[in-house]
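Peer 1: Could you look at this predicted model? Sequence included:
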Amino acid sequence: MNRIWWLLLVGWLLPLAAWGQGDSQRNSDVPADKPLSPLRKLMNESLSWNELFVNDRSATPMTAKVVLRWTNNTRGSEDGMTVLFLADGRPEAVCCFYPWEKIFVHEFDSMSRGTLLAKRDGVVVWSPEKPGVHFQPIPGADDPAEMPVARLRQMKSLASQFSSTMLGWKADKSDREPLRQLPQPLYRYDSQRSDVLDGAVFAFVQGTDPESLLLLEAFKKGDGFEWQFAFVRRTSGELEGRHKDTVVWHADRFPAGNDPRSTHRSLSRPLDLSVLGDLPKKGE
């Protein structure tokens, strides 16, 4: 009888151990014993280059959180990462870090319902004059559930109602491409704000590279909350977002990235030759 119980116990523990190992592997994109490449080191170090604040009166910078490491072989981006900047648990800005044409790029977009401010080396380099996102109620959505687990199920179900298409850079839209939605959110809110009960950020990708983001928020309305959505660009190409069959968002191609007052901002530095040597050559 004891042998039977022992076999049952082993049979229960082994799958549990395997599940834990799989989860660890999903959360670690570089083996512990493998040294970081010069490019990955630069990316990690550059997290400290920028300080973002909710406004010019704030003395506390936002928290930078890496939510995705990605590649985009279609456009030759061999390594990149997506970073959210959080204030009170809500993402206020997003930035993609990646090498391009011998430069290292930090490409920002505002996710703020208001304004924000960014500094580099103590100098203001970005101060959008308007909100970066336009939220709308989700048609037909139920009220946000009381329990967090139930709200996550709601958000995944609601996110599946949306789609996004890359309309590209060509005037005839011949480079049009439907984007793939990642099944899990990049980030689940840990909101400390009274007007935001919950929220999540979902990504539409080319390869594993986010081209547009979908924000879902349980936002204050009257005495309760309602589900609202907004899209955010993550590329210089033209984009479209749909809810079911209805176009609900459009972003023009080639946004200006050098205007510090714009909601889209691109900052770059030349890549050091040692980092360039780490990158694959074209055709390899």
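Peer 2: Structure received.

Peer 1: Leaving out chain neighbours, which residue sits closest to Ala260?
Peer 2: No Ala there; residue 260 is Pro. Trp126 (5.1 Å; Cβ to Cβ, 6 or more residues apart in numbering). C-beta coordinates here come from the backbone N, C-alpha and C atoms, glycine included.

Peer 1: how much space between the one you found and Phe53?
Peer 2: Applying Cβ to Cβ, to the nearest Å, the value for Trp126 to Phe53 is 10 Å.

Peer 1: what's the neighbour count on the residue nearest to Pro260?
Peer 2: Residues near Trp126, counting by other Cβ atoms under 10 Å, number 24.

Peer 1: Would you map the helices across the chain?
Peer 2: 2-27, 38-45, 148-159, 273-276 (DSSP state H).

Peer 1: hang on, the earlier thing: which ones are touching the residue nearest to Pro260?
Peer 2: Contacts for Trp126 (Cβ atoms under 8 Å, 6 or more residues apart in numbering) come out as Phe108, Leu116, Leu117, Ala118, Pro260, Arg265, Leu267.

Peer 1: Next, count neighbours for Trp176.
Peer 2: No Trp there; residue 176 is Arg. 14.

Peer 1: Same check on Leu116?
Peer 2: Neighbour tally, Leu116, other Cβ under 10 Å: 25.

Peer 1: what's near enough to touch it?
Peer 2: Going by Cβ under 8 Å, 6+ apart, Leu116 touches Leu52, Phe53, Val54, Asn55, Glu92, Ala93, Ser110, Trp126, Ser127, Pro128, Gly132.

Peer 1: List phi and psi for it.
Peer 2: The phi/psi pair for Leu116 (degrees, to the nearest 10) reads phi -160, psi 180.

Peer 1: Find me the pLDDT at it, would you?
Peer 2: At Leu116, the predicted lDDT confidence score is 97.

Peer 1: Ok, Arg40 next?
Peer 2: At Arg40, pLDDT is 88.

Peer 1: Go through the top strand by length along the chain and flag the buried ones.
Peer 2: Counting residues, the longest strand found in the chain (DSSP state E) is strand 209-221. Using 16 or more other Cβ atoms under 10 Å as the test for burial, strand 209-221 gives Asp209, Pro210, Glu211, Ser212, Leu213, Leu214, Leu215, Leu216, Glu217, Ala218, Phe219.

Peer 1: Grab the nearest non-local neighbour of the second one.
Peer 2: Here the nearest residue to Pro210 in space, its sequence neighbours aside, is Ala203; by Cβ to Cβ, 6+ apart that works out to 4.1 Å.

Peer 1: which ones are touching that neighbour?
Peer 2: Ala203 neighbours (Cβ under 8 Å, 6+ apart): Leu68, Thr82, Gln181, Leu182, Leu186, Pro210, Ser212, Leu213, Leu214, Arg234.
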